[in-house]
Each structure stands twice: as structure tokens, then as C-alpha cells.
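what's the 3D shape of this:
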Amino acid sequence: MTVSGVAHAEGAEGNAFRQSIRSALTLDPTIAKLMSLVVRWSCMRVRYRFLLLFGKPVLPIYAHSRNDTGPENWELLQDHLAAVSRRAGLNAEAFGAEIVGSIAGQLHDLGKVKPDFQAKLHGKIIDAPHSGEGARYAVGTMGHGIGKMLAYAIAGHHAGLANGVTRSRVRPTTPLCERLDRAEDVALPDWLRLSALTMPAPLATIQAGDHFATQFFTRMLFSALVDADFLETERFFNPDAARATGATSATLTTLRDTLIQSLDRFGPPKTELNRLRTAILEAAVNAAKSETGFFSLTVPTGGGKTLASLRFALDHAIAHEQRRVIYVAPFTAIIEQTADVFREFLKNDDAILEHHSSFEPEQMFDEAQTERLKLAAQNWDRPLVVTTAVQLFESLFANRTQKCRKLHNIARSVLILDEAQTLPLLLLRPCLGALQELVRGYGCSIVLCTAT
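I've put the predicted structure just below:
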């Protein structure tokens, strides 16, 4: 081999060696991405510690990320807390607890300021719970009265209301005391200023040791918070949702006026039966002027009880600035029949929410209206709700977010309980206790209807 041939061979071997070195130094894309996340997470922790020490907002703190865009279009935690606080306050305003609802919204995602949670938003696979920190802060700064009630609502705004001390056989199994012990102590960011705490109206008049009223208020506060959080999160991820674009414009006044017009078309009564129906209707109209509370309506079958109770409820709600009418019956057959009557006489399908297990709106309405009604069923956001006793009372004693979302919308309503005598005897005491509490502290009126 000539000298030039040896040199060429050595050059080829040298190039191959250098290429092998470059290949060894080139990271697998998955490993490179993981190392990049580790470096970003480490930098984030350093910046967060700097923030705690010197109070300088050196990096954005996010509430929600999106897979389809960069951090510049993510939702800032400051914006999310402000939006949920505002909506939760409005939800709780219906039962005189606007300030407490607002504070719940301000604290519910406080744990998202932790560097572990921010790293999770940036792609790090890590367990980073966030609901316990706000609950811990509420108890630590506001005590075991209202602070504890806030803690239940905040700690449960994803998992649901927990037991206080003992573990539960149903979800969430972890009691509140363990949730608080596991949570970290987190300081409020500089931009977060809590509202000045005031005594909510439902608690201002209860006697010491009234645990039923206390748990009832906690559940209503929980409802105000979780519905606000669901709606604001939905608004960020899906601003064009049917809920945002398809809310009904009907009011109780327009529904009442339409009902009067529909009844007037029958003209003066000409038979004894129709004269009795007219007398019953007039009695219901006159009774609507009474103060809020409990009412009974006993009318034999065929006496016009359904429309008389609806006319009373609409007039009574308008007179006392209540917000909706909720018709409750024990059997789906009665509900379906009643809902059909309401649609016929009120002439506004979108204002009436029929909510029970057998209802299939897609068989009655177009796709857009079906979607609107399904969304409205989540929180009973309609002026007239027709539902079952099971749906009502299970929700009033539930602990899961989906069941409890609607509760704040029951406040300041007129509830018509048709066939009230069918309430189960074994459950009568808690059912009546809930109804009494709705009247006492939440601006409701109850109409107990029966045909016997």
C-alpha cells in the first residue's frame, strides 16, 4: 500500500471515529426532552424560592395550561382566582353569603402557586395536589368556625366534601383533618388580597350547636364555589360553549304573563267544574301575596291543581323577588305529564328544564337546544325546573361536585312538592329538616300539594 493509500485509510478511520463520538454525544429526543423539563423545573424552584424570600414576581404563575398553545396563552392564576371569586360571590349572594363565597373563590386554588404544580403544568410528570393549601390557610387564619366551613368547600372542590375526622367508605375517603395535615403552608401572593370576612346571613340567627344548619350552609357554600369553578374553567377552555351563547331570556314575569294569556283563552266558566277550577285559581292568586314560608294546596283530582300551583308560585316569586320555580313530583310519569302542560301554557320550551333519568331531550328538540338543556341540568340554570323528589333530596344531602352544583340555585326559589304525602316515612325527618332550613335561611317558599 502506498503512503497516500495509508493516509487515506487513516483519514477514513478518523472520520468514522469522530462520527461515533458525535453520535455518542447526541441525546435521544425523549431523553433530551426529559432533561430539558428537569432543568426548567429546577430553575422554577429557584425562582419560586427567590419569590418567597424577596417578594418579587419573577415568573408567571398559571392556573391552567393548554396543549395547543404556549404559555403566553395559558390562564394566569391571578385571573382565574379573580374570576372564580367574583362568580362564587354572586352565587352565594342569593343566600346572604357573598363575602364568604368570594373568599372561597380566592383561596380555592392557592396550592397552584407551589413550584411542583407549576412544573406539572409545564409537562413534568409529578403528583402535585393543590386543593389542600387554601383549606389549610382558611383554618389557620379564620379559625374553626367559618374557616373550617371554607376548608371543607375548598378542599373538596374537586374530590367532593369529605368527612371531618374518620375515613369514609365512599369517595372521598380521606377525612378533612388528614387533607389539612398533608397540605403545605403557603403564603398569599402579593397580588391576592382577601375580602374582609363578615357573618353570612344563614348563620347569623342560628343557635350554638345547630349542626344541621351548619352542615347545610357548608354544602351551599360548596355548591357556590364548585359551580363557579366549573363555569370559569369551561369559559377558558371552551369560550364558545352553548351555555355562553344560549341562555334563555325568559323571566318569571314573562312566564306569568304568558300563563295568564293562556288561561284567559278559556273565557268565563260555563260549567260547575270550571267554576270550581276558577275559584281555586283565584284563591291561589290571593294567597301569593302572603309572606314566604310553607303553604298547602289540597285539590281533588281534576280541580286544576297543576296550573293553580304554578300560578301561585310565579306570582309569589315575583312578589318576593325569588328567582325560580322548582316543581317536584315523586314519579317520572307525573313529571313528564306536568312538563308537557307547562310547555303548552307557557309557550317557551327553553325556559323549562325537565330533569330526571327518563328525560331524553334529543328526541324532542334540535341539537343546539338539547345541548343547552343538558348544560342547564348541571346547575338548574333555568327559571322553571321540573324534577323528581329523588333528584332534589339526594342533591341536598350529597357530597359530590356534580350533584351539589345546583344547590345554590335552589336558594330564593318556590318549591312545589306535588303528592307530598308520598315522601318516604323513614326519610321524612331529614327531608322536612332540609325544607325547613331552605325556608329559614335561604329565602325559599314551599308548597305542599296533594289531591287527598
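
Isn't Val84 up against Gly105?
Yes. Applying Cβ atoms under 8 Å as the test, Val84 and Gly105 come out as touching, 4.0 Å apart. (C-beta placed from N, C-alpha, C; glycine too.)

more crowded one of these two?
The residue with more neighbours, out of Val84 and Gly105, is Gly105; 32 against 29, by other Cβ atoms under 10 Å.

wait, what's in contact with that one?
Shown in contact with Gly105 (Cβ atoms under 8 Å, 6 or more residues apart in numbering): 81, 84-89, 225, 228-229.

Pick the one among these closest to Gly156.
Leu225 (9.0 Å; Cβ to Cβ).

Quick check: that closest one is in a strand.
No. Counting by DSSP: H, G, I helix; E, B strand; the rest coil, Leu225 is not part of a strand but helix.

returning to that earlier point: spell out which residues are contacts of both of Val84 and Gly105.
Shared contacts of Val84 and Gly105, counting by Cβ under 8 Å, 6+ apart, come down to 225, 228-229.

Name the member of these with the most neighbours.
Highest neighbour count within the shared contacts of Val84 and Gly105, by other Cβ under 10 Å: Leu225, with 33 neighbours.

If we ignore the residues flanking it in sequence, what's nearest it?
Setting aside the residues directly before and after it, Leu225 is nearest to Ala104 in space (Cβ to Cβ, 6 or more residues apart in numbering), at 4.5 Å.

Asp240 and Thr173, how far apart?
Distance, Asp240 to Thr173, using Cβ to Cβ, to the nearest Å: 38 Å.

ok, of the shared contacts of Val84 and Gly105, which one's closest to Glu72?
Ranked by distance to Glu72 (Cβ to Cβ), the shared contacts of Val84 and Gly105 are led by Asp229 at 23.7 Å.

what's the pLDDT at that closest one?
Per-residue confidence (pLDDT) for Asp229: 97.

Next one: it from Ser131, what distance?
Taking Cβ to Cβ, one finds Asp229 at 10 Å from Ser131.

Need the residues touching each of the two.
Common contact partners of Asp229 and Ser131 (Cβ under 8 Å, 6+ apart): 108, 157.

Next, Asp109: phi, psi?
The phi/psi pair for Asp109 (degrees, to the nearest 10) reads phi -110, psi 30.

thinking it is in contact with His130, fair?
Yes. In this structure, Asp109 is within contact of His130 by Cβ under 8 Å, at 6.1 Å.

picking that back up, between Asp240 and Thr173, who's got more neighbours?
The neighbour comparison of Asp240 against Thr173 (other Cβ under 10 Å) goes to Thr173, with 12 against 8.

buried set for stretch 310-328?
310-318, 320, 322-328 (16 or more other Cβ atoms under 10 Å).

what about Phe365, how many residues close to it?
Using other Cβ under 10 Å, Phe365 has 15 other residues around it.

For it, what is the enclosing helix or strand?
Using DSSP states H and E, no element contains Phe365; it sits outside every helix and strand.

Could you check how far it is from Arg372?
Using Cβ to Cβ, Phe365 is found at 9 Å from Arg372.

And what about the closest residue to Pro129 other than its chain neighbours, helix, strand or coil?
Excluding its sequence neighbours, the residue lying closest to Pro129 (Cβ to Cβ, 6+ apart) is Gly111, at 6.8 Å. Following three-state DSSP, the label given to Gly111 is helix.

need the contact list for Gly111.
For Gly111, the contact set (Cβ under 8 Å, 6+ apart) comprises 117, 129-134, 183-184, 186.

No further queries at this time; thank you.
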